[in-house]
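Peer 1: what's the 3D shape of this:
(2 chains)
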Amino acid sequence: MTELAKPEDGGAHGGECHEHEHHPKHHQHHHEIEVLVYTTSGSYPHHGFVAVPVTDKVSLILADAKEALHLTDTSTWVATVAGNEIDPNRTFEQDGLKGQVTIQWGPREGGGG
Amino acid sequence: MHPDASKLLFDDEVGRWPPDLAASRGWVLHNTTFPVIDCEFTRAGRTPIRVRLVCTDWDDQPPSVELLNSAGQFLQSLTPNPTGVFNGSAHAVTGRPFVCMAGSREYHTHTSHLNDPWSQHRDKPGFSLGDILTKLWHAWLKGSG
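Peer 2: Okay, here's the model as predicted:
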């Protein structure tokens, strides 16, 4: 069953993930994912993982990382998990991510010719 | 660039890398002592490649990127890669396969790219040592073999 717990653009990272009334036994952590973002400018969070709703867009946590790490221009950056590119404009759920994930984030290759 | 100043820039950049970054990316850092970053990219099912960034005169000059096998020998040929970053032809200066990407010394000294000097990229986002290494890694991930 797919449950949509909160609006994707809520912006309240690390915030609440409410249980649905018709599934009172479900713990809220079932709707969360633990995320760590690595860049060569540092990691976000600095220690451990941050829990966010699986219904959040990946771009939200990347925006948090950009701010925390004082990154200036990430417009060409690509996010990967286990070497596979993910779509930041989709939710963690839609990207097939769950549990505990480490996102590698950095500039996309360019050049050749 | 005075070598001491170059070393300060180098050490500052490499010092910001999270301690677990390399392991989490499948990188094996053989050397990160100025002026060399010797990093091996590994991934299950792939033949590893070592990229050795020689950062003499950083950041007046971009790093020279040497392509090596796991044993540290220069590669004479490259595995397939669709990005165009890893060029299997002989570079006019080194005579070896090279990295054809802005941010590598071999790119900016190649006759095809003399109109795209390093000075146009230096200090811009995406051209720190970590960024250059990350871009090489991203390109390598898209290859095979």
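
Peer 1: now the helices for chain B?
Peer 2: Per DSSP state H, chain B carries helices over the ranges B:3-15, B:21-25, B:105-108, B:129-141.

Peer 1: what does the second one contact?
Peer 2: If I follow you right, that is helix B:21-25. Residues from elsewhere that reach helix B:21-25, judged by CB atoms under 8 Å, 6 or more residues apart in numbering or on different chains: A:38, A:40, A:43, A:102, A:104, B:27-29, B:39, B:137. From N, CA and C alone the C-beta is placed, and that goes for glycine too.

Peer 1: just the strands in chain A please.
Peer 2: Using DSSP state E, the strands of chain A run over A:32-39, A:42-44, A:50-53, A:77-81, A:84-85, A:100-107.

Peer 1: And the last one, what does it pack against?
Peer 2: It stands for strand A:100-107. Judged by 3 or more CB pairs under 8 Å, 6 or more residues apart in numbering or on different chains; DSSP states H and E, strand A:100-107 is in contact with strand A:32-39, helix A:58-68, strand A:77-81, helix B:21-25, helix B:129-141.

Peer 1: packing partners for the second one?
Peer 2: With contacts defined as 3+ CB pairs under 8 Å, 6+ apart, the packing partners of helix A:58-68 are strand A:32-39, strand A:42-44, strand A:50-53, strand A:77-81, strand A:100-107.

Peer 1: To B:T33, which of these lies closest?
Peer 2: Judged by CB to CB, the one of those that comes nearest to B:T33 is strand A:42-44, at 21.3 Å.

Peer 1: Looking at that closest one now, give me its mean pLDDT.
Peer 2: Averaging pLDDT along strand A:42-44 yields 97.

Peer 1: So that strand, near chain B or not?
Peer 2: Yes - part of strand A:42-44 sits near chain B under the criterion CB under 8 Å from any CB of the partner chain, namely A:42-43.

Peer 1: Show me the contact partners of that strand.
Peer 2: A:36-37, A:50, A:61, A:64-65, A:68-69, B:16, B:18, B:20-21.

Peer 1: circling back to that earlier point, make CSV from the helices of chain B and add mean neighbour count and mean pLDDT to it.
Peer 2: Formatted as CSV, the helices of chain B follow (neighbours: other CB atoms under 10 Å in any protein chain shown; pLDDT from 0 to 100):
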stretch, mean neighbour count, mean pLDDT
helix B:3-15, 15, 97
helix B:21-25, 17, 97
helix B:105-108, 23, 96
helix B:129-141, 23, 97
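
Peer 1: wait, which of the ones you listed is closest to A:P88?
Peer 2: Closest among the helices of chain B, once you apply CB to CB, is helix B:129-141, at 14.9 Å.
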